[in-house]
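A.B. asks: Structure here, sequence nowhere to be found:
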C-alpha cells in the first residue's frame, strides 16, 4: 500500500497527468481500497468494482465540477469518491456521521445530485443540459446508467425527450447484464443479442455518410472505428439500434475495462453536437473473484472475509423478516394456486427466490418498473388471481398513483408487502422506508398492518390474503425478534390490537418494530414504579379506536410510537380521532416518530437513539413529561 498513485490523487485534475498505464495501475489500487473498506463496513461492492476504469476515463477527460458527471442509482460511485478528494474519509463509508454510500451534494461539489433510486439520471442530465443551453455556457453533461435501470420507464421518457431536443449530452450505458436480480425484459434480450451478433460489428450502408455529415467529430468517429485496436475497431451505429430511433447517435459496445479504448471513444463523443449513447460493456465485480462469481450477493453486502469472500454471519439465531415473509408466502401459495408473486428486480432482496423456484409460472419480475408492477397486479386481480406485490418501501413511492387508481379505487384484492419499512441503516436517506404509513393510510379502501415480530408477520400475511380489497403489510429490514413461528397461521380480527404490557400511568400505542422499544421503555419505567401499558396496535388502518379511547380514559399520558414520519403519520391520525370524538378525559398525547428531516446513514440502533425511538430515549421522554405534568398540577 506504500507509494500508491491513489495517495497522490486529490482531485480529478491529477488524473490528467497520468498515462493510460498509470491509470490502469490506479484502477487496481482503487479496487484494493474499495475491497479493504467494504470488507469491514459492507457496501455495494460489485457495482463499484465494475466501473473503476470507466470512472477514471470520464474524470480524466472531463473538467469536473464545471462539467457534470452523474451516476444513476449511485451505488457505483465509490471510485468517483476516491478520486474527488475523499480518500481520507473513505474508511467511514456508510458509517454513522461518515461518508455516504451514494452521491451527496452536501458532501462534495463533485456530487451533482443525490441519486439512490434507479432510472432518473437521464432526466436530471437533460435538465442540466437545458439549463446550460439557456445560460449559454459550455459544460459537458455525462451520465452513467446501467442496463437494468433502462427497464424503468422514466429513463426512456427522458431519452425520448433528449432525442427530440437534440441538445448535446452523453449517456453512457453501463452494460453488465446484471442488476440486483438478473435483468429481465425485451431490452435485456435485445442488448444481449447485440453483444453476440456478428452483424453488430459490421459496417452498415449509409452509416459512414451519416457520421461524416456531423462534421469533424463524425469523421473522427469513422476514423476511430477503422483504426483503433481490434477489440473496438468496428465502432459503428447499427441501423436498427433502438436508441438511434429515439434520436441518439450510438456507439457499438466498448470494452469497459480498457482505459485506452474508453478514453478514445469518450474523447470523440464529448465533441458531438447531438445526444450520444456510448455503449460500454463491463463486468460486475471486476477484479475480485468472489464478486465476479456471485455478483448478486456482492451487489449490496455486509462485512465479509476478504480472503474467502464469505459474508460474516450475525451472532443472532433469529431469522430475517424478509426470509420469514418468503417462506410464509410459499406456504400460502402451496395451498392456493391463485396466488401470484410480483417484484420489481428484487427477487432475492424481497425473499422471493424460493417462490420463484417452486412456482415459476406464478412468479413475475417486472424489472425496475414499480409503476408497471402495481398496475399489472390490478389486472391479475381483475382476472381472478391473488397478486402479492413485494417491493421495498422506498421504491413503492414511485407507484402510489397505481396503488390509488388501479387498485384501491376498484377495491381489488391485492396485497402489497413493503419490505425495508422504517429505517434501513447504512444506505441512508434514499433507502429509508419512512413515508409509507403516510402515503398508504390516506388511500380509501386500503387496510394497513405492521407486525411487531415474525410470528405476527406470518399471521398478517395469512390475514391479508383472506380479506377483500387492497391490503398493505409493512415490515423492517434485518433480524426479527426470535419468537416461535406458528404452525398454523391465524386470521386476525380487522382493526384490533393486543396489549403486551399492562399499566395505567402511561400508555404507549406502538406500531411494528416500535413495540419492542416500547416494551423496553415499559420495563425501564416499571423498575421506577411507573406503570406503562404497551399496546401492539397491529393495524395502522383501521386502527383500534376502542384501545385508543381506553388508553386516553385510563392513563395520564398517551404516547404513539411509529417508525415513519410524524407528519401525516398514524400518530396524527390518533390525535384526529381523539379530537373528533373526545373521550371524557383527554390526556396529553406525545407523537414519536421520524422528525421532519432526512435521516442519514448509520446502524439502526444509533439512528433510533439519535431521534428518540430507542427504549431508553422513550423512557426519558416519558419521565420528563410526567415530571412536567406533576409540576403543572402543583
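C.D. replies: Thanks, I have the structure now. As the structure is a prediction and not an experimental result, all values here were calculated from the model.

A.B. asks: Could you list the low-pLDDT ranges of the stretch 351-500 of the chain?
C.D. replies: By pLDDT under 70, the stretch 351-500 of the chain has no low-scoring segment.

A.B. asks: mind listing the strands for it?
C.D. replies: Using DSSP state E, counting those that start in this stretch, the strands of the stretch 351-500 of the chain run over 363-365, 386-392, 415-419, 447-449, 471-474, 498-501.

A.B. asks: among the ones you listed, which is nearest residue 441?
C.D. replies: Judged by CB to CB, the one of those that comes nearest to residue 441 is strand 447-449, at 5.9 Å. For glycine as for every other residue, the C-beta is placed from the backbone atoms N, C-alpha and C.

A.B. asks: how near is residue 243 to residue 142?
C.D. replies: Distance of residue 243 to residue 142, computed by CB to CB, to the nearest Å: 16 Å.

A.B. asks: Same check on residue 281?
C.D. replies: Taken as CB to CB, the span from residue 281 to residue 142 is 18 Å.

A.B. asks: So for those two, which residue has more residues nearby?
C.D. replies: Per other CB atoms under 10 Å, whichever of residue 281 and residue 142 has more neighbours is residue 142, with 26 against 19.

A.B. asks: in its sheet, what does the strand ranked longest in the chain sit against?
C.D. replies: As assigned by DSSP state E, the longest strand anywhere in the chain is strand 557-565. Sheet pairing of strand 557-565 (DSSP bridges) gives strand 506-510 (parallel), strand 589-594 (parallel).

A.B. asks: Okay, domains of the chain per the record?
C.D. replies: 6-293, 321-474, 498-633 (automatic domain parsing).

A.B. asks: and the ones you listed, which is most packed in?
C.D. replies: domain 321-474 (a mean of 22; mean count of other CB atoms under 10 Å).

A.B. asks: next one: that domain to chain centre, how far?
C.D. replies: 16 Å (CA atoms, centre = their mean, to the nearest Å).

A.B. asks: that older thread, make CSV out of the domains of the chain and add distance to residue 301.
C.D. replies: Formatted as CSV, these follow (distance: least, CB to CB, whole Å):
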stretch, distance to residue 301
domain 6-293, 6
domain 321-474, 11
domain 498-633, 16
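
A.B. asks: quick one: which of those domains has the weakest pLDDT on average?
C.D. replies: Sorting the domains of the chain by mean pLDDT places domain 6-293 lowest, at a mean of 85.

A.B. asks: residue boundaries of the helices in the stretch 501-634 of the chain?
C.D. replies: 514-526, 545-554, 570-580, 604-611, 615-633 (DSSP state H, counting those that start in this stretch).

A.B. asks: I'd assumed residue 277 was in contact with residue 247.
C.D. replies: No. Judged on CB atoms under 8 Å, residue 247 makes no contact with residue 277 at a distance of 10.0 Å.

A.B. asks: overlap in contacts of these two?
C.D. replies: residue 159 (CB atoms under 8 Å, 6 or more residues apart in numbering).

A.B. asks: mind checking how far the lengthiest helix in the chain is from the chain centre?
C.D. replies: What stands out as the longest helix in the chain, according to DSSP state H, is helix 20-41. Its chain's C-alpha centre and that of helix 20-41 lie 25 Å apart, by CA atoms, centre = their mean.

A.B. asks: same deal with stretch 15-26?
C.D. replies: 33 Å.

A.B. asks: Of all the helices of the stretch 501-634 of the chain, which one comes closest to residue 123?
C.D. replies: helix 604-611 (30.0 Å).

A.B. asks: quick one: the strands in the stretch 1-150 of the chain?
C.D. replies: Using DSSP E, counting those that start in this stretch, strands in the stretch 1-150 of the chain cover 68-71, 141-146.

A.B. asks: following the longest one, which helix or strand shows up next?
C.D. replies: Counting by DSSP states H and E, the next helix or strand C-terminal to strand 141-146 is helix 153-165.

A.B. asks: Just name whatever secondary elements that next one is in contact with.
C.D. replies: Other helices and strands packing on helix 153-165, by 3 or more CB pairs under 8 Å, 6 or more residues apart in numbering; DSSP states H and E, are helix 121-135, strand 169-175, strand 275-281.

A.B. asks: how near is residue 323 to residue 485?
C.D. replies: 11 Å.

A.B. asks: Correction: the previous question concerned residue 546.
C.D. replies: Counting by CB to CB - residue 546 and residue 485 are separated by 29 Å.

A.B. asks: Name all residues that make contact with the closest residue to residue 474 other than its chain neighbours.
C.D. replies: Excluding the flanking residues, the one nearest residue 474 by CB to CB, 6 or more residues apart in numbering is residue 421, at 3.6 Å. Contact analysis of residue 421 by CB under 8 Å, 6+ apart lists 393, 433, 436, 450, 474-476, 512, 563-564.

A.B. asks: Backbone torsions only: list them for residue 421.
C.D. replies: Torsion angles at residue 421 (phi, psi; degrees, to the nearest 10) stand at phi -80, psi 140.

A.B. asks: quick revisit: please name whichever of the strands paired with strand 557-565 is nearest to residue 62.
C.D. replies: Judged by CB to CB, the one of the strands paired with strand 557-565 that comes nearest to residue 62 is strand 589-594, at 37.6 Å.

A.B. asks: how about the residue minimising distance to the centre of the chain, what does it touch?
C.D. replies: Closest to where the C-alpha atoms of the chain average out (CA atoms, centre = their mean) is residue 431, at 4.9 Å. Contact analysis of residue 431 by CB under 8 Å, 6+ apart lists 116, 392, 394, 420, 424.

A.B. asks: Among these, which pair sits farthest apart?
C.D. replies: 116 and 420 (12.7 Å).

A.B. asks: now residue 83: how far from residue 437?
C.D. replies: For residue 83, the distance to residue 437 - CB to CB - is 40 Å.

A.B. asks: Residue 413 now?
C.D. replies: Taking CB to CB, one finds residue 413 at 22 Å from residue 437.

A.B. asks: same thing with residue 324?
C.D. replies: Taking CB to CB, one finds residue 324 at 21 Å from residue 437.

A.B. asks: check contacts around residue 506.
C.D. replies: Counted by CB under 8 Å, 6+ apart, residue 506 has contacts 525, 530-533, 555-559, 622, 626.
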